[in-house]
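# Sequence below, structure please.
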Amino acid sequence: MRIPPIRRGNNAAKGNAGQLKYSSTGVGGRPHLAMELFKAATGIHIVYVPYKNSSPRFSDVAGGQIQTCFFTLPGVLPFVKSGRMRDLAVSSARRAEQLPTVPAVIESGVPNFDVTVWQGFAVPRGTPQNHIAKICAAIMKARNESILVNHCPS
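Presented below is the predicted three-dimensional model:
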């Protein structure tokens with residue numbers, strides 16, 4: 001069973017309460033909490049299936065054993081571009097630059113839904129300032145590299 005686009009999918013999920021499954025890696029991780037927020041916002045019931053890492057869960061979604069998942073874009077983009085998975089919506093408030101034709105969940109009828117990933121850098125306490133300066137310089141240089149510019153939203 002495949003989930004149709006979000007607008008029709010919510011009704012399909014409500015009509016199949018407890019029969020549809022979603023996956024994420026790790027209880028309390030961003031994909032897990034994003035789906036729990038989505039479930040609360042839409043009133044649908046989807047069964048949670050935890051995975052230890054992303055590769056098998058992406059394969060299981062592509063193969064139909066799991067009906068849906070929230071994901072980070074770089075990990076799933078190859079599945080979407082190859083046609084093995086269908087992109088339904090992005091969880092950010094606006095469309096992703098890498099998938100401009102894919103609507104945001106908000107556009108699909110779920111108001112105020114905005115789940116984005118925040119990444120940070122940390123170092124151990126007591127790290128010498130000159131090491132921190134080198135790390136910061138490397139980060140500033142890397143953010144202008146074409147691979148990051150082409151694969152990460154600004």
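
# contacts and neighbour counts: CA atoms only from here.
OK.

# Now do the strands in this structure.
21-25, 47-51, 68-69 (DSSP state E).

# mind giving me CSV with the ones you listed and columns for distance to residue 142 and mean pLDDT?
Compiled in CSV, these are given as follows (distance: least, CA to CA, whole Å; pLDDT from 0 to 100):
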stretch, distance to residue 142, mean pLDDT
strand 21-25, 27, 90
strand 47-51, 31, 92
strand 68-69, 30, 88
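
# what's the closest of those to residue 140?
strand 21-25 (29.8 Å; CA to CA).

# Need the contact partners of the closest one.
With contacts defined as CA atoms under 8 Å, 6 or more residues apart in numbering, strand 21-25 is touched by 31-32, 46-54, 57, 66-71.

# If we use 7 Å, what do you get?
31-32, 46-54, 57, 66-69 (CA atoms under 7 Å, 6 or more residues apart in numbering).

# if we can go back for a sec, and of the strands of the chain, who's closest to residue 143?
Nearest to residue 143, of all these, is strand 21-25, at 26.9 Å by CA to CA.

# List the strands paired with the closest one, with their directions.
Sheet pairing of strand 21-25 (DSSP bridges) gives strand 47-51 (parallel), strand 68-69 (parallel).

# and among these, the most buried is which?
Most buried of those, by mean neighbour count (mean count of other CA atoms under 10 Å): strand 68-69, with a mean of 22.

# now, among the contacts of strand 21-25, which is nearest to residue 94?
Nearest to residue 94 among the contacts of strand 21-25, with distances taken as CA to CA, is residue 31, at 17.5 Å.

# That closest one and residue 53, how far apart?
According to CA to CA, to the nearest Å, residue 31 stands 12 Å off from residue 53.

# neighbour count winner among these two?
Each of residue 31 and residue 53 has its neighbours counted (other CA atoms under 10 Å); residue 31 has more, 23 against 11.
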